[in-house]
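In: What would the 3D arrangement of this be:
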Amino acid sequence: MTAQGNMNKSSVGTEAIDPRSNSSRDEEVDLYLVTWNGKDDPEHPYNWSSLRKWTITILLSNGGLVTLMSGAMLAPALQSISADLHTGEEETQIFLSIFVLAFAFGPMILSPLAEVFGRRPVWILSSCFYILWNTVAGFSRTPGLMIASRVLSGIGASAEFAISNPVLSDCWIPSQRGLSFAISTFIPLLGPAIGPIIGGAVSQSIGWRWTFWILSIYDSLLVVIALFVFSETYEIIILNRRAAKLRKSTGNPYHTQWHEASEKLGDRLSHSLTRPIRLLLTQPVLQVVAIFLAYNFGILYLVLSTFATLWIDRYGQTETQSGLNYIALVIGYTIAAQVGSRMMDKLWAYLEAKAGNNTAPEYRVPLMIPGAILIPVGLFIYGWTAEKHMHWIVPDIGIAILGCGIINNTQSLQAYVMDAYHDYVASASAASQFLRSIAGFAFPIFAPAMYNNLGYGWGNSLLALTFVVIGWPAPFLLWRYGARLRAMGSKQQ
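Out: Numbers count the residues shown, from 1 in each chain. Here you go, the predicted model:
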């Protein structure tokens with residue numbers, strides 16, 4: 001358990017590698033360095049059984065379902081909540097979008113904690129925190145308590161963004177990442193469709209407060225299951241525990257390549273908690289990814305914040321009927337997740353073979369091109385068909401195309417970050433998602449005014465044209481200059 005088979009440590013600006021691979025070193029062998037016992041070490045998550053890996057993946061996918069349902073489930077019930085809490089349109093809209101704002105700040109804390117204490121305890125405790133405050137939201141009698149409980153429950157729910165992708169990176173090798181994305185994203189992507197449907201039906205029948213309590217009950221069930229099936233997946237934590245066990249049994253200063261035997265928990269925490277913001281400030285490639293993700297997410301939440309209102313006000317549908325239109329969005333999500341994820345693996349294998357078995361994070365970029373085209377197309381179709389009050393199915397086709405493009409881009413960018421920052425995927429993912437969550441909160445605030453002044457046609461055309469200016473150069477920038485941008489970044493991890 002010492003220096004047999006030192007693991008290569010992926011660093012910023014390097015190619016994606018298998019962390020179990022051996023590296024030859026000229027320096028003297030460190031007898032107390034704890035590493036993996038070769039590529040077939042059964043304790044490495046890559047070598048776990050498929051059943052074990054899929055069980056954890058699907059569990060976390062259901063946690064993602066709760067998060068996305070919590071963000072969308074409230075939309076059809078906003079008018080009922082407004083009437084009960086005596087709030088205006090803009091303040092009521094904040095009840096929906098403030099939840100997304102928490103996604104910006106939650107992962108900036110939870111991701112570093114997951115790198116110090118492990119994925120498992122952070123996910124379980126964050127889920128419990130969500131359950132507590134989401135339940136409180138259902139008891140809210142004042143706007144202040146509703147906003148506070150939505151912020152706090154959003155921080156707990158943001159564990160989905162802090163933990164899920166890192167766990168995929170922990171368990172699945174890069175050539176299987178597309179398949180793992182296809183399965184792991186399918187369940188959460190049902191949230192934007194199931195959430196409003198359940199939210200509309202529940203609000204109309206037993207009251208909007210149960211839209212919160214139902215999710216709390218479901219997430220409580222997931223936490224109980226996690227206690228039995230969610231094993232720790234982070235290789236650094238697994239090896240650190242192995243080293244600690246050896247230190248205790250032998251009295252010798254066993255350590256890992258990441259942490260010395262004498263390193264204190266406080267020092268690790270202080271360094272880790274600042275890692276996401278340091279990465280965002282020092283890594284040019286993460287800044288490019290963050291800006292692109294921000295506009296993607298901002299557009300999506302701007303459109304979704306007024307989606308239910310469109311059907312209720314302009315098409316005269318009930319809350320329950322309006323929720324059914326979200327099925328179109330999830331169809332677009334699902335097509336992109338399933339087709340795009342499989343194409344991701346095929347493109348990776350093709351480009352790897354073409355480059356003589358060399359790999360690079362840029363192999364994820366080509367899949368962004370269809371997404372960059374679909375987003376403005378979907379916005380144009382949705383906006384102008386809604387403006388002209390065409391049959392409901394035509395705006396739904398537009399929203400499905402938009403959703404397809406959003407997921408295509410998001411998956412590609414997430415995989416890019418996972419490959420470029422292997423050892424600190426959690427912190428790098430949090431850094432890349434920070435701006436997108438702020439955009440997801442801010443964009444819906446001006447949605448009612450934009451659509452009131454410009455209408456759905458010109459309003460969505462403005463969004464589409466802006467996306468063309470920002471979004472179309474992004475894939476070419478990352479493909480051509482991605483490696484150079486990563487090399488420029490200061491390697492402060």
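In: got any ranges where the chain has weak pLDDT?
Out: Counting by pLDDT under 70, the chain has low-confidence residues at 1-29, 89-90, 192-193, 260-263, 319, 489-493.
In: Closest to the centroid, which residue in it?
Out: Nearest residue to the geometric centre of the chain (Cα atoms, centre = their mean): residue 161, 3.8 Å.
In: Enumerate every residue touching it.
Out: By Cβ atoms under 8 Å, 6 or more residues apart in numbering, the contact list for residue 161 reads 67, 103, 106, 107, 429, 430, 433, 437. C-beta: built from backbone N, CA, C; applies to glycine.
In: what's the closest of the residues you listed to residue 186?
Out: residue 67 (14.7 Å; Cβ to Cβ).
In: State the number of residues packed around that closest one.
Out: As a burial measure, residue 67 scores 27 neighbours (other Cβ atoms under 10 Å).
In: immediately after the host helix or strand of residue 384, which helix or strand?
Out: In this structure, residue 384 sits in helix 368-387 according to DSSP states H and E. With elements assigned by DSSP H and E, the helix or strand that comes after helix 368-387 is helix 393-420.
In: Now do that following helix against helix 368-387, angle only.
Out: 150 degrees (axes from the mean of the first three to the mean of the last three Cα atoms, to 10 degrees).
In: on contacts alone, who are the packing partners of helix 393-420?
Out: Packing contacts for helix 393-420, counted by 3 or more Cβ pairs under 8 Å, 6 or more residues apart in numbering; DSSP states H and E, involve helix 159-171, helix 177-186, helix 284-305, helix 326-354, helix 368-387, helix 425-442, helix 473-488.
In: Only alpha carbons, please: show the second one as PDB.
Out: Once non-C-alpha atoms are left out, helix 177-186 reads as follows in PDB (Å, rounded to 0.1, in the frame of the first residue of the first chain):
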ATOM      1  CA  ARG A 177     -18.800   9.600 -19.400                       C
ATOM      2  CA  GLY A 178     -21.400  10.100 -22.100                       C
ATOM      3  CA  LEU A 179     -23.300   7.000 -21.100                       C
ATOM      4  CA  SER A 180     -23.200   7.900 -17.400                       C
ATOM      5  CA  PHE A 181     -24.500  11.400 -18.400                       C
ATOM      6  CA  ALA A 182     -27.300   9.900 -20.400                       C
ATOM      7  CA  ILE A 183     -28.600   7.900 -17.500                       C
ATOM      8  CA  SER A 184     -27.800  10.300 -14.700                       C
ATOM      9  CA  THR A 185     -29.500  13.300 -16.400                       C
ATOM     10  CA  PHE A 186     -32.600  11.500 -17.500                       C
END
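In: Quick check: the gap between the residue nearest to the centre of the chain and residue 217.
Out: 23 Å (Cβ to Cβ, to the nearest Å).
In: now the helices for the stretch 1-150 of the chain?
Out: 50-72, 78-85, 89-117, 119-138, 143-157 (DSSP state H, counting those that start in this stretch).
In: Turn these into TSV, including distance to residue 175.
Out: Shown next, in TSV, are those (distance: least, Cβ to Cβ, whole Å):
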stretch	distance to residue 175
helix 50-72	15
helix 78-85	44
helix 89-117	25
helix 119-138	22
helix 143-157	31
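In: Residue 330: which of those helices is closest?
Out: helix 50-72 (9.8 Å).
In: For that closest one, could you pull out the residues that count as buried?
Out: Under the neighbour-count criterion of 16 or more other Cβ atoms under 10 Å, helix 50-72 has 53-57, 59-72 buried.
In: And it, how far out from the chain middle?
Out: Averaging C-alpha positions (Cα atoms, centre = their mean, to the nearest Å) puts helix 50-72 11 Å from its chain's average.
In: Check stretch 237-247 too.
Out: 30 Å.
In: Over to stretch 167-176?
Out: 15 Å.
In: For that stretch, measure first residue to last.
Out: Using Cα to Cα, to the nearest Å, one end of stretch 167-176 lies 13 Å from the other.
In: Please spell out which residues along it are buried.
Out: 167, 168, 169, 170, 171, 172, 174.
In: same deal with stretch 374-389?
Out: Neighbour-count burial for stretch 374-389, counted by 16+ other Cβ under 10 Å, picks out 374-376, 378-387.
In: Show the contacting residues for residue 63.
Out: Applying Cβ under 8 Å, 6+ apart to residue 63 gives the contacts 123, 127, 159, 160, 164, 219, 222.
In: what's the farthest-apart pair in those?
Out: 164 and 219 (14.4 Å).
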